[in-house]
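Peer 1: pasting a predicted model and its sequence here:
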Amino acid sequence: MHKKKLYMKNFILLISALIFDTTSGFAQTNASNFWNPQPGNFKVKHAIEVESLVPMFFTGGYHFAAGYRYKKFRVRASIINGGTYDAEKAGINNSSPAFKRYYKTSPGLFFGYNLWRNLELYTYLELHTFEITQTNTGKKENMRSTDSGLAISYQFFIGRYFYVQPGLHLYVRGNGTLSFDGTEYRIPRTDFSPVIRLGVRLWRRYP
């Protein structure tokens, strides 16, 4: 638990430092250049973006998302498969070391709003299918879960097209249990997880 808190603290400090560095750059110059194009990327009226939660590929899974932005609003659809990523460690309450929880192929729908520049607050609905594995027996069972929640993230653009988007996700779900030969698994009601996505703005139009 101590390592998890330390990781979260370092992640938040990194995001804060990046935001400070970005806003300092805006304050220093209004001239258009590669790192500070004018008009600003956040002033877009229409845009189509594709992105990926890249760490999923390192665990043998995948993640793809496509979104449309209109002014400050964005809607995005995604598909995720976590491979060997153990989502049980993200559980805030009732997470169990006796079980592992893996994302199987699942869709999601996201609705966002830009609070300030490229700082986005968004909510989502994800229809997850989890593979629950009992660690001492290797027995596996699937569990379906409708997850919703709230998240905040920031798009750090590299020029006009590419961006890195770190963020924090809070997932909330209803009760769910499975029985493994008399041993009960109870899925955590809440997950809290840092994320980082890489994206490309394929098309844009300014006012």
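Peer 2: Arrived safely, thanks for sending. Numbering: from 1, shown residues only.
Peer 1: distance of Thr59 relative to Pro166?
Peer 2: For Thr59, the distance to Pro166 equals 18 Å [Cβ to Cβ, to the nearest Å]. Where you see a C-beta, it was placed from the backbone N, CA and C, and this is true even at glycine.
Peer 1: tell me which of those two has more neighbours.
Peer 2: Set side by side, Thr59 and Pro166 show more neighbours around Pro166, with 18 against 15, by other Cβ atoms under 10 Å.
Peer 1: that one touches Gly199, doesn't it?
Peer 2: No: with contact defined as Cβ atoms under 8 Å, Pro166 and Gly199 do not form a contacting pair (11.6 Å).
Peer 1: so which elements touch whichever strand or helix holds Val195?
Peer 2: Element membership for Val195, per DSSP states H and E: strand 190-205. Judged by 3 or more Cβ pairs under 8 Å, 6 or more residues apart in numbering; DSSP states H and E, the packing partners of strand 190-205 are helix 2-28, strand 46-52, strand 140-154, strand 162-172.
Peer 1: for it, buried residues please.
Peer 2: Using 16 or more other Cβ atoms under 10 Å as the burial criterion, the residues of strand 190-205 that qualify are 190-191, 193-195, 197, 199, 201, 204.
Peer 1: reformat those residues as a markdown table; add distance to Leu121 and pLDDT.
Peer 2: Conversion of the buried residues of strand 190-205 to a markdown table gives the following (distance: Cβ to Cβ, whole Å; pLDDT from 0 to 100):
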| residue | distance to Leu121 | pLDDT |
| --- | --- | --- |
| Thr190 | 18 | 96 |
| Asp191 | 18 | 96 |
| Ser193 | 16 | 93 |
| Pro194 | 16 | 95 |
| Val195 | 14 | 95 |
| Arg197 | 15 | 97 |
| Gly199 | 17 | 98 |
| Arg201 | 19 | 98 |
| Arg204 | 21 | 96 |
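Peer 1: I'm done for today, thanks for sticking with me.
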